[in-house]
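In: Whatever this is, show me its structure:
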Amino acid sequence: MYVRRVTSKLNGKTYTKYVLVESVRTPRGPRQRVVCSLGDLHPRPASEWLELVRKVESALCGQVSIEEARDDEVQKVVRRIRTRGRDARGEAGSSAQTRSTERITVDPDRVRTERHREAGTVHVGYEMWKRIGLDEVLEQIGLTDRARVLTCAMVLNRLVYPCSEHAMPDWIRRTALDDILETDFTSLIDETLYRQLDLLHPKRVAIETKLAKRERTLFNLDQTVFLYDLTSTYFEGQAKNNPKAKRGYSRDHRPDCKQVVVGLVLNRDGFPLAHEIYDGNTQDRTTVTGMLDLLDERVGLKPGQLVVVDRGMAYEENLAQITSRGLHYLIAARQPERDRWLADFDDDEQFESVIREPSPLNLGQKKTRVQVKLRRTESGTYVLCVSDGRVQKDRAIREKHEQRLLADLEKLKTRVARGTIKQEAKIHQAIGRLKERYPRVARYYGMHYDAEAKTFTYDLDAEKRTRAEKLDGSYLLRTDRSDLLADEAWRIYILLTRVENAFRAMKSPLEERPIFHHKQHRVEAHIFLCVLAYHLLIAIEKTLLDRGIHTSWESVRETLQTHQVCTVVLPAPNGLELHVRRDSTPEPAHRHVYDALQMPHHPIRPRKHWQVAMPDPKT
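Out: Numbering: from 1, shown residues only. Down below sits the predicted model:
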């Protein structure tokens with residue numbers, strides 16, 4: 001360090017002052033940096049100036065004598081230098097010009113760390129939030145800065161550690177979100193988050209539309225194939241204030257609970273394009289028109305695009321709704337239509353083998369072989385598929401249903417014999433319910449009621465059951481496109497499993513279910529948060545997959561939990577403490593994930609401030 005004389009002119013008068021200067025190294029070579037102003041040092045001689053500089057430098061290094069420690073002028077200059085260096089952004093810079101040269105004497109026995117917060121997971125989530133442009137989308141639809149921050153925090157909660165809005169403020173305060181978002185969450189309460197749900201609900205369509213457009217450009221996504229499927233999500237409680245909460249076919253195996261049905265459309269890369277919430281007893285086949293309208297509104301339908309749906313929507317009226325818009329369809333045909341191709345399934349000729357590779361996210365999965373055969377008719381193109389992996393599964397399901405049907409048939413037979421049920425109409429109703437409950441196996445059992453003898457009997461049609469056994473592991477695809485080969489149609493249809501994976505991810509690890517909200521608009525906003533979190537999840541997994549890393553978000557989340565932010569407290573001899581807020585040094589596993597995602601290794605820049613030391617409770 002050295003003293004430099006500085007002059008300035010104001011209103012024709014010359015003013016002189018002296019500043020303390022030090023030399024620093026920069027990428028462009030040595031430079032001089034002003035440490036602090038010393039004011040006017042006259043009339044003292046220049047030799048005393050140099051002595052002052054030496055004492056100040058020694059004090060900053062922690063090497064001071066008793067006399068120098070008592071020198072008021074030296075202490076004033078040192079405090080002025082330290083005060084000037086409190087700007088966190090200036091001290092946290094990576095360049096040599098902004099790097100602090102402050103040095104203090106520290107008692108190592110009193111050094112401590114405080115406020116440890118999980119940072120790695122929310123850091124990745126927030127970086128992906130920025131990358132897909134969610135903040136810009138929310139700003140475009142008119143959300144304030146505070147509303148955007150709250151939405152970000154709520155979506156990251158679904159991604160990292162899903163919990164209720166009541167528990168969410170405490171979770172936010174347990175993470176480094178306040179450091180990363182530079183927001184004070186100390187006074188955040190659950191009521192604020194409930195109001196945020198109310199604010200988001202009417203803006204869902206606008207957000208989903210803009211987000212789909214941004215992702216299509218950012219990830220260069222395909223827009224020729226739409227994958228549509230439905231699932232159900234159940235409630236805890238009666239949900240009396242939600243008219244959509246009804247009992248129906250439960251994919252979660254919870255027929256005892258009310259539910260809503262969630263429809264979701266993905267592109268072939270797995271990114272959500274549109275979603276809708278239906279009544280809990282909605283049949284799949286009744287949702288096709290509404291979902292096509294939503295797709296047209298959000299992404300714009302064009303002639304020639306292909307819609308892929310499962311057999312629950314494989315009805316002629318649904319196919320007509322698709323083709324009337326100039327679109328093509330690819331469906332899994334229903335069982336009655338499949339049964340008409342029994343002779344072709346029995347004929348082993350003209351089948352060709354297709355190998356299904358295991359999912360990159362499921363390395364334990366084995367390759368499976370599928371036999372496919374093409375048939376073209378006036379009504380469309382059919383692909384007969386026989387999967388080795390599905391034979392045992394179909395057989396187990398069929399045998400399980402048959403055992404349950406036989407047990408219920410015996411119960412009905414006993415009830416009729418004992419006279420517990422007497423009216424003929426009610427007996428036929430019971431027979432109808434059994435056929436409806438077990439459609440897979442009831443078709444090859446004959447059920448008869450003799451009104452005169454008042455007896456109920458049933459018998460097995462062995463020929464029909466043998467035919468059903470031959471169809472184990474087989475299914476039929478149908479499309480109106482004549483340009484697809486058998487293996488091409490099968491590979492496109494298999495993409496529909498990505499919707500199943502999306503539902504699986506939304507239910508766990510994003511924990512969409514069970515739903516505890518009872519108001520309809522908050523239920524729909526809760527599911528919308530899960531959809532937004534899935535946007536982040538699929539963007540993270542696709543980015544990793546594109547770079548050759550075959551892993552899931554759950555594994556990434558577990559790896560990053562150990563990267564934290566904390567405050568390092570350095571006690572100084574002068575009764576002050578230097579508090580440094582920064583992240584821990586990233587471990588190799590952390591850096592590997594950050595590099596693959598092309599994200600900074602450090603979630604925050606270090607921040608420093610001085611404060612009076614707290615008294616030691618032991619003394």
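In: Please determine how far Glu587 is located from His563.
Out: 7 Å (CB to CB, to the nearest Å). The way it works is simple: take the backbone N, C-alpha and C, and place the C-beta from them, glycine included.
In: Those two: which is more packed in?
Out: Between Glu587 and His563, counting by other CB atoms under 10 Å, His563 is the more crowded of the two (26 against 13).
In: Not counting residues beside it along the chain, what's closest to that one?
Out: Gly120 (3.2 Å; CB to CB, 6 or more residues apart in numbering).
In: buried stuff in stretch 379-397?
Out: Gly380, Thr381, Tyr382, Val383, Leu384, Cys385, Val386, Ser387, Arg390, Asp394 (16 or more other CB atoms under 10 Å).
In: Would you mind listing the outside residues contacting that stretch?
Out: Residues outside stretch 379-397 that contact it (CB atoms under 8 Å, 6 or more residues apart in numbering) are 333, 341, 344-345, 351, 368-376, 440, 469, 471-482, 484, 486, 489-490.
In: Tell me where the stretch 501-619 of the chain has helices.
Out: 520-546, 553-560, 588-596 (DSSP state H, counting those that start in this stretch).
In: ugh, wrong one, I meant the stretch 101-250 of the chain
Out: Under DSSP H, counting those that start in this stretch, the stretch 101-250 of the chain gives helices at 120-131, 134-140, 145-160, 168-174, 177-181, 190-200, 204-218.
In: From the contacts of stretch 379-397, keep the buried residues only.
Out: Applying 16+ other CB under 10 Å to those, the neighbour count classes 333, 341, 345, 351, 370-374, 471-480, 484, 486, 489-490 as buried.
In: in which helix or strand would I find Asp459?
Out: Assigned by DSSP states H and E, Asp459 belongs to strand 455-460.
In: Quick one: list the elements packing against that strand.
Out: helix 388-418, strand 445-450 (3 or more CB pairs under 8 Å, 6 or more residues apart in numbering; DSSP states H and E).
In: What are the buried residues along the last one?
Out: Of the residues in strand 445-450, those with enough neighbours to count as buried (16+ other CB under 10 Å) are Tyr445, Met447, Tyr449.
In: can you list the residues that contact it?
Out: Contacts of strand 445-450 (CB under 8 Å, 6+ apart): 405, 409, 416, 424, 427-428, 431, 434-435, 455-461.
In: Now flag whichever of these is closest to Gly263.
Out: Closest approach between the contacts of strand 445-450 and Gly263, by CB to CB: Lys435, at 28.0 Å.
In: who's in contact with that closest one?
Out: Per CB under 8 Å, 6+ apart, neighbours of Lys435: Ala442, Arg443, Met447.
In: residues touching the residue nearest to Thr282 when sequence neighbours are not counted, list them.
Out: In space, and not counting its chain neighbours, Thr282 is closest to Val261: 4.7 Å by CB to CB, 6+ apart. Val261 makes contacts with Leu230, Thr231, Ser232, Gly248, Ile277, Tyr278, Asp279, Gly280, Thr282, Thr287, as judged by CB under 8 Å, 6+ apart.
In: I'd assumed Asp229 was in contact with Leu495.
Out: No. Counting by CB atoms under 8 Å, Leu495 does not reach Asp229; the two are 11.0 Å apart.
In: out of those two, which sits in the more crowded spot?
Out: Ranked by neighbour count (other CB under 10 Å), Leu495 and Asp229 place Asp229 first, with 22 against 17.
In: and of the buried residues of stretch 379-397, the nearest to Arg112?
Out: Of those, the one sitting nearest to Arg112 (CB to CB) turns out to be Arg390, at 60.3 Å.
In: just to revisit the earlier point, pipe the helices of the stretch 501-619 of the chain into a markdown table and attach mean neighbour count per row.
Out: Below are the helices of the stretch 501-619 of the chain laid out as a markdown table (neighbours: other CB atoms under 10 Å):
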| stretch | mean neighbour count |
| --- | --- |
| helix 520-546 | 21 |
| helix 553-560 | 18 |
| helix 588-596 | 15 |
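In: With Ala502 as the reference, name the closest of the ones you listed.
Out: Judged by CB to CB, the one of these that comes nearest to Ala502 is helix 520-546, at 6.1 Å.
In: State whether the residue nearest to Thr282 is indeed within a strand.
Out: Yes. Val261 sits within a strand when classified using DSSP: H, G, I helix; E, B strand; the rest coil.
In: In terms of pLDDT, where does it sit?
Out: pLDDT, Val261: 97.
In: So it versus Asn281, what's the distance?
Out: 8 Å.
In: list the contacts for Val308?
Out: Val225, Phe226, Leu227, Tyr228, Tyr329, Leu330, Ile331, Ile492, Tyr493, Leu495, Leu496.
In: Number of residues surrounding the first one?
Out: Burial of Val225 is recorded as 18 neighbouring residues (other CB under 10 Å).
In: Check the gap between the residue nearest to it when sequence neighbours are not counted and Leu218 for me.
Out: Take Val225 and drop its neighbours on the chain: the residue closest to it by CB to CB, 6+ apart is Arg268, 4.3 Å away. Note on Arg268: its distance to Leu218, by CB to CB, is 16 Å.
In: The two: which is more packed in?
Out: Arg268 (17 against 13).
In: Among the buried ones among the contacts of stretch 379-397, which are located in helices?
Out: If you go by DSSP state H, those have Phe345, Ala486, Ala489, Trp490 in helices.
In: And those, which two are furthest apart?
Out: Across these (CB to CB), the longest gap, 16.6 Å, separates Phe345 and Ala489.
In: For the stretch 101-250 of the chain, give me the ranges with low pLDDT.
Out: Within the stretch 101-250 of the chain, the ranges that satisfy pLDDT under 70 run 101-102.
In: mind redoing it with 90?
Out: 101-110, 219-220 (pLDDT under 90).
In: ok, now the stretch 301-450 of the chain?
Out: For the stretch 301-450 of the chain, the ranges with pLDDT under 90 are 334-350, 355-369, 379, 387-398, 422, 436-440, 443-444.
In: Kindly recompute the last result at 70.
Out: 358-365.
In: Quickly note the distance from Ile172 to Glu349.
Out: 64 Å.
In: for Leu529, same thing?
Out: Going from Leu529 to Glu349 by CB to CB gives 53 Å.
In: And Leu10, by the same measure?
Out: The spacing between Leu10 and Glu349, counted by CB to CB, is 101 Å.
In: follow-up on the earlier one: strands - which of the contacts of stretch 379-397 land there?
Out: Of the contacts of stretch 379-397, the ones assigned to strands by DSSP state E are 368-376, 474-479.
In: picking up where we left off before, any chance of the helices and strands packed on strand 455-460 in a markdown table, with distance to Ser508 too?
Out: Output for the helices and strands packed on strand 455-460, formatted as a markdown table (distance: least, CB to CB, whole Å):
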| stretch | distance to Ser508 |
| --- | --- |
| helix 388-418 | 22 |
| strand 445-450 | 38 |
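In: Relative to Pro255, which of these is closest?
Out: So among the helices and strands packed on strand 455-460, helix 388-418 is nearest, using CB to CB, at 14.3 Å.
In: Next up, phi/psi of Gln331, please.
Out: Careful, residue 331 is Ile; it's not Gln. With angles defined as degrees, to the nearest 10, Ile331 sits at phi -130, psi 160.
In: Wait, it touches Leu476, no?
Out: No. Applying CB under 8 Å, one finds Ile331 not in contact with Leu476, separated by 9.3 Å.
In: ok, back up a step: so between Ile172 and Glu349, which is more surrounded?
Out: Set Ile172 next to Glu349 and count neighbours by other CB under 10 Å: Ile172 wins out with 23 against 6.
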